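what shape does this take:
(chains A and B)
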Amino acid sequence: QVKLVQSGAEVKKPGASVKVSCKASGFTFINYYMHWVRQAPGQGLEWMGIINPSDGTTRYAQRLQGRVTMTKDTSTSTVYMELSSLRSDDTAVYYCARDRVGGAVNTIGLSQLDYWGQGTLVTVS
Amino acid sequence: DIQMTQSPSALSASLGGRVTITCQASQDITKYLNWYQQKPGKAPKLLIYDASNLQTGVPSRFSGSGSGTDFTFTINSLQPEDIATYYCQEYYKFPGTFGQGTKLEIK
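Numbers count the residues shown, from 1 in each chain, chains lettered A, B, ... in the order given. Predicted structure coming up:
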């Protein structure tokens, strides 16, 4: 069955960086786009960006441009999200999620997020 | 970015009753709308896609309708396990904006 397993909780100081991993199993990793979504305490959902695991093509939310980097390791079916220059308002639960569709090299797309990781709490303090 | 206005932000309903949530887009998004359910401490779960299509395994008491800018999500015969926060999300274009959520409680 499809599983997305994320790395554990992190506590970081302002100005530091954090890297969260999301290991996929139960499906062909390179065939589906992967997204990152975050949720600040008591708040709604915020889309952060997308990566095409087949070639690493990415697109990021404009407000995070320059601070977020998404990468992939095809050999371990893992995607990563790194956020730098952390601030207190980056405190949130970070989720990876699989898009229902995927595409060819150098493409990205957006449809339904049909499987989600369990979430990783990142606390900036 | 497309703005998604979801209402109400919270609502209280009786078991067995009917619940309706609306979501309005700031521009025409045709049918490109998803609905998710999120229970406390859990990841969101996809319920409805393409505005009205039920995701596999989701009970038929959940339904969605609408197109263009105005969308409705309905739960018929509310069950205790439906207590959650519900979010709409457009996927007409990036960044796939979510609505602010509707927290559903039992009356």
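
residues of chain B that sit close to chain A?
B:1, B:34, B:36, B:38, B:43-46, B:49, B:55, B:87, B:89, B:91, B:93-101 (CB under 8 Å from any CB of the partner chain). To be clear about C-beta, it is placed using only N, CA and C from the backbone, and glycine gets the same treatment.

of the residues you listed, grab the buried ones for PyMOL.
Paste this into PyMOL to select the buried members of the residues of chain B next to chain A, with burial taken from 16 or more other CB atoms under 10 Å in any protein chain shown:
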select buried, chain B and resi 34+36+38+43+44+45+46+49+55+87+89+91+94+95+96+97+98+99+100+101
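
return the subset of the residues of chain B next to chain A lying in strands.
Residues of the residues of chain B next to chain A located in strands (DSSP state E): B:34, B:36, B:38, B:45-46, B:49, B:87, B:89.

tell me which of those residues is nearest to residue A:122?
residue B:38 (18.3 Å; CB to CB).

for the closest residue to chain B within chain A, name its beta-bridge partners.
Closest residue of chain A to chain B, CB to the nearest CB: residue A:116 (3.7 Å). Under the criterion DSSP bridges, residue A:116 forms beta bridges with residue A:97.

distance of it relative to residue A:2?
As judged by CB to CB, to the nearest Å, residue A:116 and residue A:2 stand 10 Å apart.

quickly list what's touching both of those two.
Listed as contacting both residue A:116 and residue A:2 by CB atoms under 8 Å, 6 or more residues apart in numbering or on different chains are residue A:98.

quick one, which of the two is more surrounded?
residue A:116 (22 against 11; other CB atoms under 10 Å in any protein chain shown).

closest residue of chain B to chain A?
Counting by CB to the nearest CB, chain B gets nearest chain A through residue B:43, at 3.7 Å.

show me the contacts for that residue.
Counting by CB under 8 Å, 6+ apart, residue B:43 has contacts A:95, A:97, A:116-119.

just the buried ones from those residues?
With burial judged by 16+ other CB under 10 Å, the buried subset of the contacts of residue B:43 is A:95, A:97, A:116-117, A:119.

let's have these in CSV, adding distance to residue B:22 and pLDDT.
Below are those laid out as CSV (distance: CB to CB, whole Å; pLDDT from 0 to 100):
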residue, distance to residue B:22, pLDDT
A:95, 25, 98
A:97, 24, 98
A:116, 25, 98
A:117, 30, 98
A:119, 28, 98
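
quick revisit: for the ones in strands among the residues of chain B next to chain A, which two are the farthest from each other?
B:38 and B:49 (15.9 Å).

tell me the secondary structure for residue A:63?
For residue A:63, the assignment made with DSSP: H, G, I helix; E, B strand; the rest coil gives helix.
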